[in-house]
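Chemist: Give me coordinates for this.
(4 chains)
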2 protein chains.
Amino acid sequence: MLTIKEIAEMAKVSRTTVSRVLNESGYVSEEARKRVLEVVEKTGYVPSQQAQSLRTKKTKVIGVVIPKLGTETAGRIVYGINDVLSERGYQILLTSTNLQTQKEIDYLRLLKSRQVDGIILIATNTNEELITEIKQLHLPFVAIGQDIPGVSSVTYDDFLAAKSITQLLIQRGRKSIAFIGVDEADQAVGLMRKQGYMDAIEEANLTICSEWMTKANFDIPSGYKAMAKIMNQTSESRRPDAVFCVTERIAIGAMQFLKEHGYQIPSQFSIAGIGASDISKYVEPALTTMDYENEVAGKEAAKFLLDQLEKNENIQKKVILNGRLIERNSI
Amino acid sequence: MLTIKEIAEMAKVSRTTVSRVLNESGYVSEEARKRVLEVVEKTGYVPSQQAQSLRTKKTKVIGVVIPKLGTETAGRIVYGINDVLSERGYQILLTSTNLQTQKEIDYLRLLKSRQVDGIILIATNTNEELITEIKQLHLPFVAIGQDIPGVSSVTYDDFLAAKSITQLLIQRGRKSIAFIGVDEADQAVGLMRKQGYMDAIEEANLTICSEWMTKANFDIPSGYKAMAKIMNQTSESRRPDAVFCVTERIAIGAMQFLKEHGYQIPSQFSIAGIGASDISKYVEPALTTMDYENEVAGKEAAKFLLDQLEKNENIQKKVILNGRLIERNSI
DNA sequence: TATGATTGTGGAATCGATTCCACATTAAGT
DNA sequence: ACTTAATGTGGAATCGATTCCACAATCATA
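Modeler: A predicted model of the protein is given here:
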């Protein structure tokens, strides 16, 4: 590997001058600049990031913590982040907690010790410990998906999304709308979406049967099970005629159950979810859902982070993204 | 940020001794060791990775180049890689070429300049330039998905997968089997899968109509278009009664077209693909396909890389993973 | 008791960049 | 012509670790 010293010797200047040319700082004569650039060109010299970082305290690396690799949502967010970051010469150091909440904190520390310039966390909760940890990192920080007090964040309007989609169901004449949610430690998905649902129901003066409300995790089979529970627990006369699921995958699981048990969708039963990866478009019937533009969220988060980084202000920004309603055949 | 110097002062030893304790190298008295550990514990000191790397030339970071972020396949591979790597204290530096072949080389260089300890490339081609570039990186390297001469790789048996699934179609009584492939610059997906298909057809003494063979890219709409082309170009009497698509998403696009145009699947027309993310299970009818265990591929690749790294041998290993046939309702 | 091996510690060089400061040269202003 | 200012250049310190080498102390062996 070539070093700046060797380049300096070859161009017959000092290391200082080479550095000046490369960083466009200080005065350098046209003469010297040309010689240096020539040598750099010819040798393909690239400065060692190690050494640079050690000196400048900047690594041009952003740590990203995601809950689970291998899902389309995560992929899209990271895609958006990468899109903005790579253009400005930043790299992504990726970690995945695999849905283990407690690992979030570990990884934040790890990333700090790796001297990342900033961190983007795709958050799944708003625990006190987590917030404390974030505070004492003293690093530019952006959260996606959850509104964390005191830090910049990009969130979705989960309340509104849930409310709108529930209202759509009501508008289509459904009166008994079941609900499949997730754990409420997840503020955004668990709590806000539930509240949106409730709000729509109440405004329309509909009633909710407690048996109609269940919980699932984030995967398809758990949606299936939750739907089964709802239908099996209620006597025939009191069964719902629609279900709102807080995520797309839960909805697909629920749909699977309904189809297998002879319910006609949408003539007899309506189903709607939130989230729009490809899968929701190609199930039969295609799922009515709310599209969160994950790429956009990723991009916004990256921009916020760069703002903090480069303007060096301790600015806190919050963006709330709205979903796009996608009406398809499941209602 | 604390430095080793400060720790040394606090523990009343030299920096050398602190380093020895932390790296378990050289002689250190029980006395001194204890003092150092105490201070480290109390202060929460973590050595600067920057400085360490500069000195030791090891970063504990592995560069990963993937063709496209945001797909389930990519996600799963990265998941597998991360699983193995994180356990051994390695981190992933992620880059995505967004399907621009020429960017692959750029990123390989970039990663090298970042001093990564090794690189895993999810390859989409076997260009001469790419191979040359890989050679002159002089870095531990593993390719996934394409067999690249001279480097370790984890590949799938694309020929066999394509052949088996085509044979299955034949076995079910289909005689006119169309084919939707991709560009043959992609050895694995473009070429090998095509050959597998051809081989099965020939062995069964079936004929192929040239209008039945088309190309798509990797997305769903292109599958739709390719299928449309096949059906529109052939007169009614010579239309195929089945199609083999080289990827799952192409198959889903093709299926979409067929459904929209009134073909009954599977009674009238069969369809099969390769690749098994969730989506293929929930389309209607569920897609018969070949499952490539992407997580396993990622894990194997990571293991190979660590072998090269830690045993420091210039070993070249090749693994060919077999697919798992998943029979569902589309044939 | 002298000699050599083992154990323990620190000084100082090193990795490859950036940057402060001192100094030299040239141009401009009066 | 003579101070100022602007322009160019390099020496050397610095970032925070690791590691070679020299040296000291202790212990075992002949």
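
Chemist: Now do the contacts for the residue of the stretch 151-300 of chain A found nearest DNA strand C.
Modeler: Closest to DNA strand C within the stretch 151-300 of chain A is A:S152: 26.3 Å, counting by C-beta to the nearest atom of the strand. Just so you know, the C-beta spots here come from the backbone N, C-alpha and C atoms, and that holds for glycine as well. By C-beta atoms under 8 Å, 6 or more residues apart in numbering or on different chains, A:S152 lies in contact with A:F141, A:V142, A:A143, A:F304, A:L305, A:Q308, A:I315, A:Q316, A:K317, A:K318.

Chemist: What does the pLDDT read for it?
Modeler: What the model reports as pLDDT for A:S152 is 94.

Chemist: Give me the secondary structure label for A:I148.
Modeler: Following DSSP: H, G, I helix; E, B strand; the rest coil, A:I148 is assigned to coil.

Chemist: Next: A:L93.
Modeler: Three-state assignment for A:L93 (three-state DSSP): strand.

Chemist: Quick check: bridge partners of it?
Modeler: Counting by DSSP bridges, A:L93 is bridged to A:G63, B:L93.

Chemist: isn't it right up against A:V65?
Modeler: No - contact criterion C-beta atoms under 8 Å: A:L93 and A:V65 do not qualify, at 9.7 Å.

Chemist: wait, is A:I7 part of a helix?
Modeler: Yes - counting by three-state DSSP, A:I7 is part of a helix.

Chemist: need the contact list for it.
Modeler: Going by C-beta under 8 Å, 6+ apart, A:I7 touches A:V18, A:V36, A:V39, A:V40, A:T43, A:Y45.

Chemist: Ok, A:F159 next?
Modeler: By C-beta under 8 Å, 6+ apart, the residues touching A:F159 are A:M192, A:R193, A:Q195, A:G196, A:D199.

Chemist: Where does the prediction get shaky in chain A?
Modeler: Across chain A, the ranges flagged by pLDDT under 70 are A:312-313.

Chemist: State the phi and psi torsions of A:T59.
Modeler: phi -110, psi -10 (degrees, to the nearest 10).

Chemist: in which helix or strand would I find the nearest residue to it once chain neighbours are set aside?
Modeler: Nearest non-adjacent residue to A:T59, counting by C-beta to C-beta, 6 or more residues apart in numbering or on different chains: A:S53, 4.6 Å away. If you go by DSSP states H and E, A:S53 is part of helix A:49-56.

Chemist: which helices and strands does that helix pack with?
Modeler: helix B:49-56 (3 or more C-beta pairs under 8 Å, 6 or more residues apart in numbering or on different chains; DSSP states H and E).

Chemist: anything in the helix it packs on sitting right up against DNA strand C?
Modeler: Yes - counting by C-beta under 7 Å from any atom of the strand, DNA strand C is contacted by helix B:49-56 at B:A51, B:L54, B:R55.

Chemist: What subset of those residues is buried?
Modeler: Neighbour counting with 16 or more other C-beta atoms under 10 Å in any protein chain shown marks B:A51, B:L54 as buried within the residues of helix B:49-56 next to DNA strand C.

Chemist: how deep is A:K103 tucked in, by neighbour count?
Modeler: Per other C-beta atoms under 10 Å in any protein chain shown, the neighbour tally for A:K103 reads 17.

Chemist: could you list every residue that touches it?
Modeler: A:T97.

Chemist: just the helices in the stretch 51-200 of chain A please.
Modeler: A:72-87, A:101-113, A:128-137, A:158-171, A:193-203 (DSSP state H, counting those that start in this stretch).
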